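K.L.:
Could you look at this predicted model? Sequence included:
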Amino acid sequence: MIRLDDWMEHSARYLARRLGRRGVLAQIGTVIAGAALLPLLPVARGSAAPPRNAAGPEPGVPGPEGDPTKCEYWRHCSIDGFLCSCCGGSQTACPPGTEMSPVSWIGTCRNPADGKNYAIWYNDCCGRGMCGRCFCNRNEGDRPIYHPYRSNDINWCAGAASQIYHCSTALIIGLADEEQPEK
């Protein structure tokens, strides 16, 4: 027990010689303030219910809405990156060997087939090097970086196990013009 007491006393005196009280209090205050702001970050939870496809069956073949492997496809109005539909995945699924990031950005795109606006949930697929095919950079409705949940210029792989970007998906959340029921 004496050794533990001696070690604790030696450690406390060493820290007291090296650190000032104000510096330690400032660092503790910074950590507390940072931890209090952490829940304010925009995060789309991966455990949330999967978005419903409000536009009918998932397009895998070009139809009246367009070709999902092209940048001009209606869902890609606010996408920035390589299209997963060209990289071994689809509009709603990541290619094998990658994982969907739990954080994302959103956009609103008009489907030319029915003339309705849909909320689109853009997710990056992470874990392998860049796909390199079907690069698309459309910025319709993009906001400056102080609206990060609407910006497509961020590496959204920050919430995934690997921060290596591969490609981006475009999932339909629902109608953007739909009246929300009162709760």
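P.N.:
Arrived safely, thanks for sending.

K.L.:
quick one: residue 120 and residue 28, what's the gap?
P.N.:
As judged by C-beta to C-beta, to the nearest Å, residue 120 and residue 28 stand 42 Å apart. Glycine gets a C-beta too; all of them are placed from N, C-alpha and C.

K.L.:
correction: residue 127
P.N.:
From residue 127 to residue 28 the distance is 36 Å (C-beta to C-beta).

K.L.:
Looking at these two, which one has more neighbours?
P.N.:
When residue 127 is set against residue 28 and neighbours are counted by other C-beta atoms under 10 Å, the residue ahead is residue 127, at 20 against 10.

K.L.:
Tell me if I'm right that residue 174 and residue 120 touch.
P.N.:
No: in this structure residue 174 lies outside contact range of residue 120 using C-beta atoms under 8 Å: 10.0 Å.

K.L.:
Looking at the two, which one has more neighbours?
P.N.:
residue 120 (27 against 16).

K.L.:
Next, please give the residue ranges for the helices of the chain.
P.N.:
For the chain, the helices defined by DSSP state H cover 2-18, 21-37.

K.L.:
Pull the first one out as PDB, backbone CA atoms only.
P.N.:
Looking back up the chat, that one is helix 2-18. Taking Å, rounded to 0.1, in the frame of the first residue of the first chain, the C-alpha atoms of helix 2-18 are listed here in PDB:
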ATOM      1  CA  ILE A   2       2.900   2.300   0.700                       C
ATOM      2  CA  ARG A   3       4.200   1.900  -2.900                       C
ATOM      3  CA  LEU A   4       0.800   3.000  -4.300                       C
ATOM      4  CA  ASP A   5       0.700   6.000  -2.000                       C
ATOM      5  CA  ASP A   6       4.300   7.000  -3.000                       C
ATOM      6  CA  TRP A   7       3.500   6.500  -6.700                       C
ATOM      7  CA  MET A   8       0.300   8.600  -6.400                       C
ATOM      8  CA  GLU A   9       2.100  11.400  -4.500                       C
ATOM      9  CA  HIS A  10       5.000  11.400  -7.000                       C
ATOM     10  CA  SER A  11       2.500  11.500 -10.000                       C
ATOM     11  CA  ALA A  12       0.400  14.300  -8.400                       C
ATOM     12  CA  ARG A  13       3.500  16.400  -7.700                       C
ATOM     13  CA  TYR A  14       4.900  15.800 -11.200                       C
ATOM     14  CA  LEU A  15       1.600  17.000 -12.800                       C
ATOM     15  CA  ALA A  16       1.400  20.000 -10.500                       C
ATOM     16  CA  ARG A  17       4.900  21.100 -11.600                       C
ATOM     17  CA  ARG A  18       4.100  20.600 -15.300                       C
END
